[in-house]
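Engineer: Below is the structure, and that's it, no one-letter string:
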């Protein structure tokens, strides 16, 4: 396993404006997936459940407050999103967002919602299945999205290197050091929200081998 230094961890939660911002989920995940064939649902939900288990999070059918709190939308064109019933109630300024995504040629976007303390209470994942995403195996795409939704990573995290790696037999798996970081981030002694870079030092310490 490649060790992550304090600086590596800082970078994963330091945004483009230089601010450090970390948040984790404060509740069980209640996922729902839209826009894919029924046979693909177990793959998507299986990846979410696997990453949730790594973090020590439960996955449930219903969130008592929101119903579903992790929504994943697949589409062929961003223009389809405003046609989804009531989506604009969940994602304010949906039409301007779609325009920005179209202008940027983006193929994925994530929106997080937070509770009063700043912990994650809901997330919305939007995937436009262009040639790049369509070429990925479903398991790889699902695992990548699950990892990127389990924590509030930096907007620059994983731009240069995927959170996933490939085994000698060709299987794609979560990089061990990223898995260890997720486990450390959900340690009960760690805060659910942090805005000071000293938090990265605490995470690094929790990833050290324990005697």
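Structural biologist: Ah, there it is. This structure is a prediction, so every number in the text was calculated from the model and none was measured.
Engineer: and residue 143, what does it touch?
Structural biologist: 47, 50, 51, 164, 172, 173, 174 (C-beta atoms under 8 Å, 6 or more residues apart in numbering). (C-beta placed from N, C-alpha, C; glycine too.)
Engineer: For the longest strand along the chain, name the packing helices and strands.
Structural biologist: What stands out as the longest strand in the chain, according to DSSP state E, is strand 120-128. Applying 3 or more C-beta pairs under 8 Å, 6 or more residues apart in numbering; DSSP states H and E, one finds that strand 120-128 makes contact with strand 70-75, strand 108-114, helix 138-150.
Engineer: Could you tell me the angle between it and helix 138-150?
Structural biologist: Our comparison of strand 120-128 with helix 138-150, counting by axes from the mean of the first three to the mean of the last three C-alpha atoms, to 10 degrees, yields an angle of 140 degrees.
Engineer: got the angle between strand 120-128 and strand 108-114?
Structural biologist: Angle, strand 120-128 to strand 108-114, by the same axes, to 10 degrees: 170 degrees.
Engineer: Going forward, count from 181.
Structural biologist: Happy to do that; since the first residue is 181 now, the last one works out to strand 300-308.
Engineer: Show me which positions of strand 300-308 end up buried.
Structural biologist: 300, 301, 302, 303, 304, 305, 306, 307, 308 (16 or more other C-beta atoms under 10 Å).
Engineer: May I see those residues organised as TSV, with distance to residue 255 and pLDDT added?
Structural biologist: Putting the buried residues of strand 300-308 into TSV (distance: C-beta to C-beta, whole Å; pLDDT from 0 to 100) gives the following:
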residue	distance to residue 255	pLDDT
300	23	98
301	24	96
302	19	96
303	17	96
304	13	95
305	11	96
306	7	96
307	7	96
308	6	96
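Engineer: nearest to residue 332, of those?
Structural biologist: residue 300 (6.3 Å; C-beta to C-beta).
Engineer: give the contact list for the closest residue in space to the closest one that isn't next to it in sequence.
Structural biologist: Computed as C-beta to C-beta, 6 or more residues apart in numbering, the closest residue to residue 300 that is not its neighbour in sequence is residue 205, at 4.6 Å. The contact partners of residue 205, taken as C-beta under 8 Å, 6+ apart, are 235, 237, 299, 300, 301, 330.
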